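Peer 1: Need the 3D shape of this:
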Amino acid sequence: MRHANCTLVQSGRLSYGFPVPVQYREEPCRSALNPVRGMPFRWSLNPYMGCAHRCTFCYVRAFEHRADRPWGDAYGRSIRVKTNVAEVLRCELHSRRWRRESVTIGAATDPYQPAEGRWRLTRGCLEALLEASNPLSIITRGPLIVRDRDLLRAAALRAEVRVWFSLPTLDPSIWRATEPGTSPPRARLRAIERLAEAGIRVSVLAAPIIPGLTDRPELLDEVVKCAREAGAEKVSAALLHLSPGAREHFLASLGEHWPAERDRLARLFAGRDYLPAERQRELSASMAPLLLGHPRRAGLPEALAPDPAIEPPRFAEQLGLAL
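Peer 2: Modelled structure (predicted):
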C-alpha cells in the first residue's frame with residue numbers, strides 16, 4: 001500500500017526483547033548527511049528514523065514530544081526506512097563542497113536495530129563511506145555490527161574509524177526494565193571482542209548512568225572490567241538526562257519496577273533536565289580508579305588508525321550518546 005511515496009511494510013516483531021507490533025514505512029529521503037550544532041561532531045547520519053530498541057531513557061522522545069509526534073510508549077512502534085539513503089549519501093560525499101569531515105552514524109536512532117537485518121541500509125552507507133575514504137564513527141547497542149567488520153576494517157585502512165558500544169549495565173533486571181528491545185549486554189561484549197580481534201577500534205560508553213540504579217560501584221566496576229577484557233580501548237560514561245517527553249516516559253516505566261526509585265528521581269529532576277555538576281564530579285571520581293584498575297586485554301592486534309579527533313566527552317549530556 002502506497003501513500004505519497006511511502007510504502008507501508010507489514011508490521012512484525014523485529015525486536016530482541018518483549019514482543020511489540022512494529023510498522024515499517026519505506027520512504028525515500030532527500031538528504032543523508034545532517035549538520036549538527038552544539039555537539040563534538042558536525043555531521044550525523046541516520047539510515048532509519050525511530051528505533052525498535054525502545055529504551056525507556058531515550059532522549060529522542062524529547063525531540064518527538066516537541067515535534068508533536070508519538071513520544072511515549074508509542075515511540076519505536078513505527079520506523080521510517082530511508083530506502084535510498086546509501087545512494088543519496090554517495091552523491092553528497094562526491095560533492096565538491098564536501099570536505100571529508102567525520103560522519104557519526106547513529107545519533108538519533110540505532111543503525112543496527114533489527115530492521116538492518118532486512119534492509120541493510122547501514123551496510124550500504126558504510127560501502128559509500130569506504131569508497132570515499134571518509135572518516136566515520138558509529139554508536140550502537142546492536143551486535144549485528146559484527147556482520148560488517150569486513151567493511152569497517154577496510155575503511156580503517158583509509159580513514160579514522162571508531163565504534164562506540166552503549167553498555168550502561170550488565171545487570172539483567174535493569175537491562176530488561178530499561179532497554180526492552182535491545183540485545184543482552186553479554187551479547188554486546190561478544191561483539192566488542194570480535195570487532196577488537198579484527199583490529200577495529202571499539203570503545204564502550206556506559207550511558208546513561210542512572211543514579212540509584214546503575215551508579216553502584218560494583219556494577220560500574222563490572223562494566224569496566226568486562227569491557228576491557230573484551231578489548232575495548234576506552235570506557236567513558238554519561239549521566240542520565242531527562243527533558244520533557246523523555247522524563248515522563250522514563251519515570252512511568254521506572255515506577256513499574258522500582259516505585260521508590262521513581263519517586264526519588266522525580267524529586268531529583270523536578271524542574272530540571274540535568275543533575276547538578278557536583279553529582280557529575282562524584283561519578284568522575286568513582287570511575288577514575290576503575291578505569292586505572294582494568295587495563296585493556298593483552299594480545300589483541302593493534303588498531304589500524306590513530307585516535308579520531310572526535311570522541312565523547314568523559315561525562316557528556318545524554319544527548320552525547322552519539323559522540
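
Peer 1: And the strands in this protein?
Peer 2: Using DSSP state E, the strands assigned to the chain run over residues 7-12, 22-26, 33-35, 43-45, 48-49, 78-81, 103-105, 136-140, 161-166, 202-209, 235-239, 315-316.

Peer 1: Can you say which of those is nearest to Glu64?
Peer 2: Evaluated with CB to CB, those place strand 48-49 nearest to Glu64, the distance being 9.9 Å. All C-beta spots, glycine's among them, are computed from the backbone N, C-alpha and C.

Peer 1: which residues sit against that closest one?
Peer 2: Contacts made with strand 48-49 from outside it, assessed by CB atoms under 8 Å, 6 or more residues apart in numbering, are listed as 79-82, 108-109, 111, 113, 115-116, 121.

Peer 1: in its sheet, what does that strand sit against?
Peer 2: strand 78-81 (antiparallel) (DSSP bridges).

Peer 1: Keeping just the C-alphas, turn the partner strand into PDB.
Peer 2: The C-alpha trace of strand 78-81 is given here as PDB (Å, rounded to 0.1, in the frame of the first residue of the first chain):
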ATOM      1  CA  SER A  78       6.800   3.000  13.600                       C
ATOM      2  CA  ILE A  79      10.100   3.000  11.900                       C
ATOM      3  CA  ARG A  80      10.900   5.100   8.800                       C
ATOM      4  CA  VAL A  81      13.200   3.100   6.400                       C
END
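
Peer 1: so how far is it off the chain centroid?
Peer 2: 17 Å (CA atoms, centre = their mean, to the nearest Å).

Peer 1: That one - what's its average pLDDT?
Peer 2: Mean per-residue pLDDT for strand 78-81: 96.

Peer 1: can you check stretch 105-113 too?
Peer 2: 96.

Peer 1: Repeat that for stretch 132-148.
Peer 2: Mean predicted confidence for stretch 132-148 is 98.

Peer 1: List the residues that contact the residue lying closest to Gly117 once chain neighbours are set aside.
Peer 2: Leaving aside its chain neighbours, Gly117 sits nearest to Leu144 (6.2 Å; criterion: CB to CB, 6 or more residues apart in numbering). Residues in contact with Leu144 (CB under 8 Å, 6+ apart) are 112, 114, 116-117.

Peer 1: try 7 Å
Peer 2: By CB atoms under 7 Å, 6 or more residues apart in numbering, the contact set of Leu144 is 112, 116-117.

Peer 1: what's the spacing between Ala207 and Ala74?
Peer 2: Ala207 is 24 Å from Ala74, where distance means CB to CB, to the nearest Å.

Peer 1: Also Gly293?
Peer 2: For Gly293, the distance to Ala74 equals 43 Å [CB to CB].

Peer 1: can I get the strands of the chain in JSON lines with distance to Pro172?
Peer 2: Formatted as JSON lines, these follow (distance: least, CB to CB, whole Å):
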{"stretch": "strand 7-12", "distance to Pro172": "26"}
{"stretch": "strand 22-26", "distance to Pro172": "24"}
{"stretch": "strand 33-35", "distance to Pro172": "35"}
{"stretch": "strand 43-45", "distance to Pro172": "32"}
{"stretch": "strand 48-49", "distance to Pro172": "27"}
{"stretch": "strand 78-81", "distance to Pro172": "26"}
{"stretch": "strand 103-105", "distance to Pro172": "28"}
{"stretch": "strand 136-140", "distance to Pro172": "20"}
{"stretch": "strand 161-166", "distance to Pro172": "17"}
{"stretch": "strand 202-209", "distance to Pro172": "16"}
{"stretch": "strand 235-239", "distance to Pro172": "20"}
{"stretch": "strand 315-316", "distance to Pro172": "26"}
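
Peer 1: quick one, helices of the stretch 1-150 of the chain?
Peer 2: Using DSSP state H, counting those that start in this stretch, the helices assigned to the stretch 1-150 of the chain run over residues 60-66, 85-93, 116-119, 121-131, 149-156.

Peer 1: Next, the residues that contact the lengthiest helix in the chain from outside, please.
Peer 2: Longest helix of the chain, by residue count under DSSP state H: helix 277-293. The list of residues contacting helix 277-293 from outside it, by CB under 7 Å, 6+ apart, reads 209, 211, 215, 217, 220-221, 224, 235, 237, 239, 314-315.

Peer 1: can you do 6 Å?
Peer 2: 220-221, 224, 237, 239, 315 (CB atoms under 6 Å, 6 or more residues apart in numbering).

Peer 1: By neighbour count, which of the contacts of strand 48-49 wins?
Peer 2: Gln113 (30 neighbours; other CB atoms under 10 Å).

Peer 1: So it sits against Cys55, correct?
Peer 2: No. Applying CB atoms under 6 Å, one finds Gln113 not in contact with Cys55, separated by 10.9 Å.

Peer 1: for the contacts of Leu144, which one is nearest Ser203?
Peer 2: Using CB to CB, Tyr112 comes nearest to Ser203 of the contacts of Leu144, at 15.9 Å.
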